[in-house]
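> Fold the stuff below for me.
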Amino acid sequence: SEFAMSYNQLPDRISAPMTRGQATTLRTLALEAYQPKLFEEQLTRQEAARRIDTLKREIELANSF
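Numbering: from 1, shown residues only. All right, here's what the predicted structure looks like:
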């Protein structure tokens, strides 16, 4: 069905919103990495976790130089 297809394509949009702790961490890391646009208010927990992991890796890499 059409609904099943859209559900499978957008699993992150249907899951729970990010936690307050994730929001704080993501905002801090996004600013530290000079990428403030990576912080958005309406992210899901999964998307926030992905962005946090990505930013941590980018910052770690930048600090290694």
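> Tell me where this structure has strands.
In the chain, no segments count as strands under DSSP state E.
> show me where pLDDT drops low in it?
Low-confidence segments of the chain, defined by pLDDT under 70, span residues 1-14.
> Could you list the alpha-carbon positions for the longest helix anywhere in it in CSV?
Counting residues, the longest helix found in the chain (DSSP state H) is helix 45-63. Taking C-alpha atoms only, helix 45-63 is exported to CSV below (Å, rounded to 0.1, in the frame of the first residue of the first chain):
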residue,chain,number,x,y,z
ARG,A,45,16.4,10.5,18.4
GLN,A,46,18.0,8.5,15.6
GLU,A,47,18.8,11.5,13.4
ALA,A,48,20.1,13.4,16.4
ALA,A,49,22.3,10.4,17.4
ARG,A,50,23.7,10.2,13.8
ARG,A,51,24.5,13.9,13.7
ILE,A,52,26.1,13.8,17.1
ASP,A,53,28.3,10.9,16.1
THR,A,54,29.3,12.6,12.8
LEU,A,55,30.2,15.8,14.5
LYS,A,56,32.2,14.1,17.2
ARG,A,57,34.2,12.3,14.4
GLU,A,58,34.7,15.6,12.5
ILE,A,59,35.9,17.4,15.7
GLU,A,60,38.2,14.6,16.6
LEU,A,61,39.7,14.6,13.1
ALA,A,62,40.2,18.4,13.1
ASN,A,63,41.8,18.2,16.6
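> quick one, what contacts the closest residue in space to Leu55 that isn't next to it in sequence?
Nearest residue to Leu55 in three dimensions, chain neighbours excluded: Leu29, at 4.0 Å (C-beta to C-beta, 6 or more residues apart in numbering). To be clear about C-beta, it is placed using only N, CA and C from the backbone, and glycine gets the same treatment. Listed by C-beta atoms under 8 Å, 6 or more residues apart in numbering, the contact set of Leu29 reads Ile52, Leu55, Lys56, Ile59.
> Name only those of these that count as buried.
Ile52, Leu55 (16 or more other C-beta atoms under 10 Å).
> ok, and for stretch 20-27, which residues are buried?
Residues Gln22, Ala23, Thr25, Leu26 are the ones in stretch 20-27 that count as buried (16+ other C-beta under 10 Å).
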